[in-house]
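Colleague: Just need the structure, nothing else, for what follows:
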Amino acid sequence: MPARVAFAAIHGMGAQDATFADTFLRDVHARVTARGVASDALETTSIWWGDLFQIDEDDLWRRMSQAHRLDWAWLRKFVMGVLADAVAYRRPNPGQYDHYQAIHQRVYERLAELAARAGSRTPLIVAAHSLGSVIFSDHVWDEQHHRGPGRDTFTRCETLAGLITFGSNIALFTLGLPEVQPIAFPPPGHALSAPVRAAARWFNYFDRDDVLGYPLREISPAYAATVSEDLALEVGGMFSNWNPTSHTAYWEDSHFIDRVAAQLVAVATAGAA
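Modeller: Got it, this is the predicted structure:
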């Protein structure tokens, strides 16, 4: 019988609410159990951090738009959300509120809550969208370099057995770095069994029409050695699969959800070996 697996989803740029992954997690859970994994063997959570930025971004939009009529309001708000999230996340604020630390505390809290339900030695798989892929990569990097808030094997991401990045902007955030290195994946140590470690994969998905999503293996030789595969998908329906709005369409795409479920099943099966 397949073993237990923990699964977390983290969102990316733009306005989100706390329910952003509810349907996605239900769909993944249904497809995993349909493949023979017991319903109670999969523990899931969502990592919502958008509220940490949204008040400031909404206030900025009101100030920018109250005195002037701005065309393409929906597109402007989308672009503002994308740029503002990225700038606020990276901006240093000495002696002020630190968005970076606030976000990573939120990631830790959600992982700790998941560990309490799943167990601190349970293999973890994370699906990270857009800026969320940057955030989670930074989180693992900090844990691996002893700078993160993790307090046990699970919250230190030592049981990370799968990483699913989609619509990822990691490539853009490597610009200006003196040395471009990915996280160590699978993580070092003995938290993963040999069969689970052998099944561990980092799959990066992107839509060619998604102007915010990029391949990862081409970033550097180190990324090529770490990321298992860059996979091009055409996501979304007839109104989104041919244009940049495909950036948000992965969450509802049946083919993508199938691949996520298959990866979870592979790790659960390896864990039972």
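Colleague: Quick one: the helices in this structure, in order.
Modeller: Assigned helices in the chain, in chain order: 22-34, 51-65, 73-90, 99-118, 131-144, 170-173, 194-199, 221-226, 254-271 (criterion: DSSP state H).
Colleague: Can you say which of these is packed in most?
Modeller: Most buried of the helices of the chain, by mean neighbour count (mean count of other Cβ atoms under 10 Å): helix 131-144, with a mean of 23. Any C-beta I mention is one placed from the backbone N, CA and C, and that applies to glycine too.
Colleague: okay if I get the helices of the chain as CSV plus mean pLDDT and distance to residue 233?
Modeller: Shown next, in CSV, are the helices of the chain (pLDDT from 0 to 100; distance: least, Cβ to Cβ, whole Å):
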stretch, mean pLDDT, distance to residue 233
helix 22-34, 98, 15
helix 51-65, 67, 28
helix 73-90, 68, 21
helix 99-118, 95, 26
helix 131-144, 96, 15
helix 170-173, 93, 17
helix 194-199, 98, 22
helix 221-226, 97, 19
helix 254-271, 97, 6
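Colleague: Out of those helices, which is closest to residue 212?
Modeller: Nearest of these to residue 212, taken as Cβ to Cβ: helix 73-90 at 6.9 Å.
Colleague: Identify the residues contacting the spatially most central residue of the chain.
Modeller: Central residue of the chain (Cα atoms, centre = their mean): residue 128, 1.2 Å from the mean position. Residues in contact with residue 128 (Cβ atoms under 8 Å, 6 or more residues apart in numbering) are 9, 10, 12, 135, 136, 137, 163, 164, 165, 166, 168.
Colleague: how much space is there between the nearest residue to it once chain neighbours are set aside and residue 202?
Modeller: Spatial nearest neighbour of residue 128, chain neighbours left out: residue 136 (4.4 Å); criterion: Cβ to Cβ, 6 or more residues apart in numbering. Using Cβ to Cβ, to the nearest Å, residue 136 is found at 11 Å from residue 202.
Colleague: Please apply the same query to residue 63.
Modeller: Counting by Cβ to Cβ, the gap from residue 63 to residue 202 is 41 Å.
Colleague: all strands in the stretch 151-273 of the chain, in order from the N-terminus.
Modeller: 160-166, 201-206, 229-232 (DSSP state E, counting those that start in this stretch).
Colleague: Could you single out the most deeply buried of these?
Modeller: Using mean count of other Cβ under 10 Å, strand 160-166 ranks as the most buried of those, with a mean of 27.
Colleague: partners of that one in the sheet?
Modeller: Sheet pairing of strand 160-166 (DSSP bridges) gives strand 124-129 (parallel), strand 201-206 (parallel).
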